[in-house]
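> whatever this is, show me its structure:
(one chain, ligands or ions: 1)
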Amino acid sequence: MSPGSEENESTASGPSTSTRSSRRSSRLSKISSGTGSPPSDGNLFEHDDAAQKSPQSSRETSPEVFAGTPFTTATLGGFPAFQFATYRKNPKSYPKVYHSSDLQTSLHDQMNSLRGPIAAHPDLRDVYEATILQNTADDEPNAPPIAIRNDIDDEPTPPWNFYYTNKMWHGEGVPDPDIKNLKGCECKGKCNSKSKKCACAVKNQQVQDGAPNGYDPNGMLLSAGPVFECNSMCGCDEDCYNRVVQQGRKYDIAIQKTRHKGWGIFNGKTHIPKFRFIGIYSGEILTDKEAHKRGLYYNAAGITYLFDIDFYWVKERRKPHESVYVVDAFHAGNFTRFLNHSCDPNCRLYPIFTNEGSDQKPLLAVFSIKDIQPREEICFNYQGNYPGDEDDGLENPAEEEEKEKNNADDVIYKKCQCGAANCTGTISFDLSRLSITERLFRCQDL
Ligand SMILES: C[S@@+](CC[C@H](N)C(=O)[O-])C[C@H]1O[C@@H](n2cnc3c(N)ncnc32)[C@H](O)[C@@H]1O
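Reported below is the predicted structural model:
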């Protein structure tokens, strides 16, 4: 089954489109010069907080970035004003870069030092939920809250062993997002995935050889990607149809204890249609070398949160000297780190680019691949086996046996508790990594 292969729903806000048969709105903005005192009539101005707070905002005025930019000399209340489109051709604010070395752990150390009845107090759940809200306030301000539930035992919350975040924290040796190679579109209003003029839509169509790619106006994913979302360099609106992952989570979910698989992720009260964005697999982005070192420890503990960025499309473009990047959600991550494995999964990870110009570092975005009922557990397949993939994940048994002998120390086997009718009985983590898929992974294969 392919993303977007169902009939489109009509939409109240956007034009109704049929994606199956087909291959696939000036405003003035102003910004303070960033120097001197804020204006006394500051509320007359739209200030870009992100740009002002960003440690890199000094770059906004650097000659390298703005060389030749036709800024207007018009002023509004003493501040320079310029055309929105011109402004957006130069990033309004460089995406802030987060480094693993800046991760905060003091709250976690404090919570882990609690002992006795206080450590098991049910009210700790409220602290956990509030921490999630606080840590995600800037990147998903309109998302429904995440609930913590446990009807199985007395553990009040999942362990306080990671920093809750939707961001990607760059480890040592991992380059910052490549902004120099980030290209935007010149569109105004909302971009249309079928457009032949929108540079982002055209790029998306090209990577799928002209087949539909990107999203429909309801946010439904149209292909297996990669999808290049509109970015800081684009002229379109913040709620453009080609900005789905960057707008954050829309569905309410619960982190809930399961009987045999530890904590898991459950849908909330609403039904999630297929191919809708659920969340990004956030955490630290590491070099392969660092991930390998950590993997040995995770093997010993029998649990892993390492996830290789090894999409077919990424691999094809990797230069010989380039490392595989790996996402590690052990020390930092969001609810997606609690997604359990199922042999009959209802979600899958897709490569989505938001503000990253490097081919090698898409976000790992979780989308539903089936309609997900209220309260249903949300799971993906840790081995990257999905019905309809080129070989359905079924390896050559002789090759597999040989691989197992060679890697005996690097593979963890666990009894699978997914309960699906087609359950294979075991889950294995090869080299302590969860895999997107080693196999060919193209839209037409799904
Ligand atoms: C990425 S974590 C998922 C969240 C985990 N349940 C927790 O409480 O932190 C992966 C671990 O969850 C457990 N798990 C996930 N899916 C499972 C399954 N189908 N059967 C048994 N254990 C599972 C295993 O212990 C596995 O190592």
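> skip the chain neighbours and tell me the closest residue to whatever residue of the stretch 51-200 of the chain ends up closest to the ligand.
Nearest residue of the stretch 51-200 of the chain to the ligand, counting by CB to the nearest ligand atom: Pro158, 6.5 Å away. Every C-beta, even on glycine, is put in place using the N, C-alpha and C of the backbone. Spatial nearest neighbour of Pro158, excluding adjacent residues (CB to CB, 6 or more residues apart in numbering): Trp263 at 4.8 Å.
> one more: Val314?
Of all residues not flanking Val314 in the chain, Gln360 sits nearest, at 5.8 Å (CB to CB, 6+ apart).
> distance of that neighbour from Asn204?
According to CB to CB, to the nearest Å, Gln360 and Asn204 sit 18 Å apart.
> of those two, who's got more company?
Legend: neighbour count by other CB atoms under 10 Å for Gln360 and Asn204, higher for Asn204 (28 against 19).
> residues in contact with the residue nearest to Val314?
Each residue near Gln360 by CB atoms under 8 Å, 6 or more residues apart in numbering is listed here: Ile309, Val314, Arg317, Arg318, Glu322, Tyr325.
> buried set for the one helix or strand the second one maps to?
It refers to Val314. Assessed by DSSP states H and E, Val314 sits inside helix 312-316. By neighbour count with 16 or more other CB atoms under 10 Å, helix 312-316 contains the buried residues Tyr312, Val314.
> and if you look at stretch 352-371?
352-370.
> got the residues of this protein near the ligand?
Within the chain, the residues that sit near the ligand (CB under 6 Å from any ligand atom) are 261-264, 303, 305, 337-338, 340-341, 414, 416-418, 427.
> before we move on, back to that, so after the helix holding Val314, what's the next helix or strand?
Of the helices and strands lying after helix 312-316 in sequence (DSSP H and E), the nearest is strand 325-328.
> can you give me the mean pLDDT across that following strand?
The average of the pLDDT scores along strand 325-328 is 94.
> packing partners for that strand?
For strand 325-328, the elements it packs on are strand 283-287, helix 288-301, strand 306-308, judged by 3 or more CB pairs under 8 Å, 6 or more residues apart in numbering; DSSP states H and E.
> in its sheet, what does the first one sit against?
Sheet neighbours of strand 283-287, with direction, are listed as strand 168-170 (parallel), strand 325-328 (antiparallel) (DSSP bridges).
> tell me the pLDDT at the residue nearest to Val314?
pLDDT, Gln360: 93.
> same question for Lys293.
Listed pLDDT for Lys293 reads 89.
> what of Arg27?
pLDDT at Arg27 comes out at 25.
> neighbours of Met168, how many?
By the criterion of other CB under 10 Å, Met168 has 26 neighbours.
> tell me which element Asp209 is part of?
Here Asp209, judged by DSSP H and E, is contained in no helix and no strand.
> tell me, how many residues neighbour it?
Neighbours of Asp209 using other CB under 10 Å come to 12.
> now swap in the one 5 residues further on and tell me
Neighbourhood size, Gly214 [other CB under 10 Å]: 31.
> need the contact list for it.
Gly214 touches Ser193, Cys200, Ala201, Asn204, Leu222, Ser223, Val227, Tyr241, Asn242, counting by CB under 8 Å, 6+ apart.
> so what's the last one up against?
Right, the one you point to is Asn242. So Asn242 contacts Cys191, Ser193, Cys198, Cys200, Ala201, Asn204, Gly214, Tyr215, Val227, Glu229, Cys230, Cys236 (CB under 8 Å, 6+ apart).
> I'd like the distance between the second one and Gln246.
Distance check for Ser193 against Gln246: by CB to CB, it reads 16 Å.
> between the two, which one's more packed in?
Neighbour count, other CB under 10 Å: between Ser193 and Gln246, Ser193 has more, with 25 against 20.
> isn't that one up against Gly219?
No. With contacts counted by CB atoms under 8 Å, Ser193 stays clear of Gly219, the gap being 11.3 Å.
> you'd agree the residue of the stretch 51-200 of the chain closest to the ligand is up against Phe338?
Yes. Assessed by CB under 8 Å, Pro158 is found in contact with Phe338 at 6.8 Å.
> so what's the residue count around the residue of the chain at minimum distance from the ligand?
Nearest residue of the chain to the ligand: Gly262, at 2.6 Å (CB to the nearest ligand atom). By other CB under 10 Å, 14 other residues sit near Gly262.
> dump the residue contacts of it.
Gly262 sits next to Phe338, Asn340 when contact means CB under 8 Å, 6+ apart.
> by pLDDT, rank the contacts of Gln360 and give me the bottom one.
Glu322 (74).
> what ranges do the helices span in the stretch 151-300 of the chain?
Here the stretch 151-300 of the chain has its helices, by DSSP state H, counting those that start in this stretch, at 199-207, 288-301.
> deepest of the ones you listed, which one?
The highest mean neighbour count among those, using mean count of other CB atoms under 10 Å, belongs to helix 199-207: a mean of 20.
> averaged pLDDT, that one. What do you get?
Helix 199-207 carries an average pLDDT of 96.
> I'd like to know which elements it is packed against.
Counting by 3+ CB pairs under 8 Å, 6+ apart, helix 199-207 packs on strand 227-228.
> packing partners for the strand it packs on?
Here strand 227-228 touches helix 199-207, strand 347-353, going by 3+ CB pairs under 8 Å, 6+ apart.
> what strands line up against it, and which way round?
strand 347-353 (parallel).
> Asp139 and Lys167 touch, don't they?
Yes. Assessed by CB under 8 Å, Asp139 is found in contact with Lys167 at 7.0 Å.
> looking at those two, which has the bigger crowd around it?
Shown here are Asp139 and Lys167; by other CB under 10 Å, Lys167 has more neighbours (21 against 17).
> Pro158 and Phe338: which has the busier surroundings?
Neighbour tally, Pro158 and Phe338, criterion other CB under 10 Å: the higher count belongs to Phe338, 23 against 19.
> which strand residues bridge the closest residue to that one other than its chain neighbours?
Once flanking residues are discounted, Phe338 sits nearest to Trp263: 4.8 Å by CB to CB, 6+ apart. With DSSP bridges as the criterion, Trp263 is bridged to Lys257.
> tally of neighbours for Trp263?
With neighbours defined by other CB under 10 Å, the count for Trp263 comes to 21.
> quickly note the distance from Ser100 to Gln246.
Computed as CB to CB, the Ser100 to Gln246 distance reads 22 Å.
> now do Glu229
6 Å.
> tell me, what's touching these two both at once?
Thr354.
> can you pull the contacts of Cys423?
Cys343, Asp344, Cys416.
> of those residues, which belong to strands?
Assignment to strands by DSSP state E places none of the contacts of Cys423 there.
> which residues does Trp169 bridge with?
Beta-bridge pairing of Trp169 under DSSP bridges involves Tyr98, Glu284.
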